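# Prediction below, plus the sequence it came from.
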Amino acid sequence: MLSTAIIIFREAIEISMILGVVLAATRRLPGRLFWVIGGMAGGAAGAGMVAVFARSISASLSGMGQEFFNAMILFTAALFIGWTVVWMRKHARDVVHQLRQVGNDVTHGRLPLYSLSLIIGLAMLREGSEIVLFIYGMTLSGQTVSSIVIGSLIGATLGIIIGVMLYYGLLKMPARYMLSVTSWLLILLVAGLASQGAGYLSAAGYFSDLSQPLWNTSWLLSEDSIMGKMLHSLVGYSSRPSGIQLIFYVATFGGLMSITAIMNRGGNKPQATVQAAQ
Amino acid sequence: MKKNLFPAIIVLATIAFSTNARAEAAKAEPAKPAAKAVAAPENYVLTIKDHKFSPQELELPADKKVKVVVKNLDASPAEFESEELNREKIVGANSEITVNLGPLKAGTYGFFDDFNRTTTTGTIKVK
């Protein structure tokens, strides 16, 4: 029961931390609840499907299907969370000055809410499929159903608590800081997802001359520890990053920073026209 | 304005892919006589049975690309994972997967089944 709880907790942390930041960042979106729940339901269903088809996914693409599949999910999630950051920055002034205006923009479909569903769904899909396979394995290994269920519930609850704490921690922040803190966190999250995606590409055999670990900080913080796992999910901490992972991390981080910087610099004038156009 | 970024991204991507392409090209050239023997990465087998890895300690050559085939003979799925090797891959029940490794430096690398973290572990010794 304890081992079940620990493993479920470790997988659930990743999902719940991503959701904690993304949900805090998009908290002002009216009518998002439907899309959030939709994303969760889709993610849970998808996780089950992936678990069922795990073997075919694995065998595809010359046995490297799992690596490509994970890389694809990570890059897609990175793309859509990156889009959310850009959208947040674009509407930052509106959020501060004209809440009502933003509300109207969203209900008129300015921020594609399906991207929120997609982000949530993808986060659940990847780790969720591991949870499904793990629980399936437990049922075969002679554990009683009650010990599996109780263990899973304890692990999932603890994992969800971490995400909820992160969510409310961000909400408790003064509104001025909140926007910049969440967008920083999201940018780091996107960079982390991109570098994890790159890690899967090198596991599939690409960038082999850039796949050596550059350094090793596992003596300081093991990726396997709970703290390491949390930082891994949130900002892409890796104790042994490879060259290609670092390139993806820095390029994604730099790319998003430049986009948001350009948007801020291009500040007031376009903003006025945008508002006039609306 | 945003267009300014695309060349930068393309340049980065090109650098990344060209280094890879060059490496592939270098491998394709039969410059060294030894190249023939090195051409195909060697296969090593790791078996999971009754939630135990066999061999417990797998020996691999250093500075060489290798493929490790992980065979799961159990009826429950496993996940081959190693923080040291940066690998994480699900091995379905009664099926097998291939893990690309290397070139690795000499040393000891731990791995485990993420679904049975405490009981199902092993090490890879690179010489």
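Thanks, I have the structure now. Residues are numbered from 1 along each chain as shown, chains lettered A, B, ... in the order given.

# For chain B, give the residue positioned nearest to chain A.
B:S76 (3.5 Å; Cβ to the nearest Cβ). No exception for glycine: its C-beta is placed from N, CA and C like everyone else's.

# So, low pLDDT: which residues of the stretch 151-278 of chain A?
Along the stretch 151-278 of chain A, the model assigns pLDDT under 70 to residues A:266-278.

# Any residues of it in contact with chain B? List them.
Contact residues (Cβ under 8 Å from any Cβ of the partner chain) of the stretch 151-278 of chain A with chain B: A:199, A:202-210, A:212-213, A:218, A:222-224, A:238-240, A:242, A:244, A:247, A:251, A:255, A:258-259, A:262, A:266.

# Buried ones among those?
Buried by 16 or more other Cβ atoms under 10 Å in any protein chain shown: A:199, A:202-208, A:210, A:213, A:218, A:223-224, A:238-240, A:242, A:244, A:247, A:251, A:255, A:259, out of those.

# Sort out for me which of the residues you listed are in helices.
A:199, A:202-203, A:244, A:247, A:251, A:255, A:259 (DSSP state H).

# domains for chain B, by residue range?
B:1-35, B:40-126 (automatic domain parsing).

# least reliable of those going by mean pLDDT?
Here the lowest mean pLDDT among these goes to domain B:1-35, at a mean of 47.

# Identify each buried residue in the helix or strand harbouring A:Q66, please.
Per DSSP states H and E, A:Q66 falls inside helix A:65-90. By 16+ other Cβ under 10 Å, the buried positions in helix A:65-90 come out as A:65-71, A:73-75, A:77-90.

# so which of the residues you listed also contact chain B?
Applying Cβ under 8 Å from any Cβ to the buried residues of helix A:65-90, those adjacent to chain B are A:66-67.

# Now the residue of chain B closest to chain A: closest residue in space that isn't a chain neighbour?
Once flanking residues are discounted, B:S76 sits nearest to A:G137: 3.5 Å by Cβ to Cβ, 6 or more residues apart in numbering or on different chains.

# B:F111 too?
B:S82 (3.8 Å).

# what's near enough to touch that neighbour?
B:88, B:109-112, B:124 (Cβ atoms under 8 Å, 6 or more residues apart in numbering or on different chains).

# backbone phi and psi for it, please?
Backbone torsions for B:S82, taken as degrees, to the nearest 10, come to phi -150, psi 120.

# Quickly list what it is bridged to.
B:R87 (DSSP bridges).

# Could I get the full set of helices for chain B?
For chain B, the helices defined by DSSP H occupy B:5-28, B:35-38.

# And the strands in chain B?
Applying DSSP state E to chain B gives strands spanning B:42-49, B:52-54, B:57-60, B:66-72, B:78-82, B:87-91, B:95-101, B:107-113, B:121-126.

# now the ones you listed as a markdown table including distance to A:M178?
Shown next, in a markdown table, are the strands of chain B (distance: least, Cβ to Cβ, whole Å):
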| stretch | distance to A:M178 |
| --- | --- |
| strand B:42-49 | 47 |
| strand B:52-54 | 48 |
| strand B:57-60 | 50 |
| strand B:66-72 | 46 |
| strand B:78-82 | 36 |
| strand B:87-91 | 34 |
| strand B:95-101 | 43 |
| strand B:107-113 | 40 |
| strand B:121-126 | 43 |
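
# For chain B, what's the nearest residue on chain A?
A:G137 (3.5 Å).

# quick one: contacts for that residue?
A:G137 is in contact with B:76-78, B:93, B:115, counting by Cβ under 8 Å, 6+ apart.

# Among these, list the two that are farthest apart in space.
The most widely separated members of these, counting by Cβ to Cβ, are B:A93 and B:F115 (10.9 Å).

# Pull up the overlap in contacts between the two.
A:137, B:76-77.

# Spell out which parts of the stretch 1-150 of chain A neighbour chain B.
Near chain B, when you scan the stretch 1-150 of chain A using Cβ under 8 Å from any Cβ, you find A:3, A:6-7, A:54-55, A:58-59, A:63-64, A:66-67, A:130, A:133-134, A:136-138, A:140-141.

# Quick check on these: which are buried?
Here, 16+ other Cβ under 10 Å leaves A:3, A:6-7, A:54-55, A:58-59, A:63-64, A:66-67, A:130, A:133-134, A:136-138 buried among the residues of the stretch 1-150 of chain A next to chain B.

# per-residue confidence averaged over stretch A:32-47?
For stretch A:32-47, the per-residue pLDDT averages 95.

# same deal with stretch A:72-83?
95.

# Excluding covalently adjacent residues, which one is nearest to A:G42?
A:G121 (4.3 Å).

# what sits against B:L58?
B:44, B:46, B:68, B:122-125.

# and if we set it to 10 Å?
In this structure, B:L58 makes contact with B:44-46, B:66, B:68, B:109, B:111, B:122-126, judged by Cβ atoms under 10 Å, 6 or more residues apart in numbering or on different chains.

# cool, A:A47 as well?
With Cβ under 10 Å, 6+ apart, A:A47 has these contacts: A:15, A:121, A:124-133.
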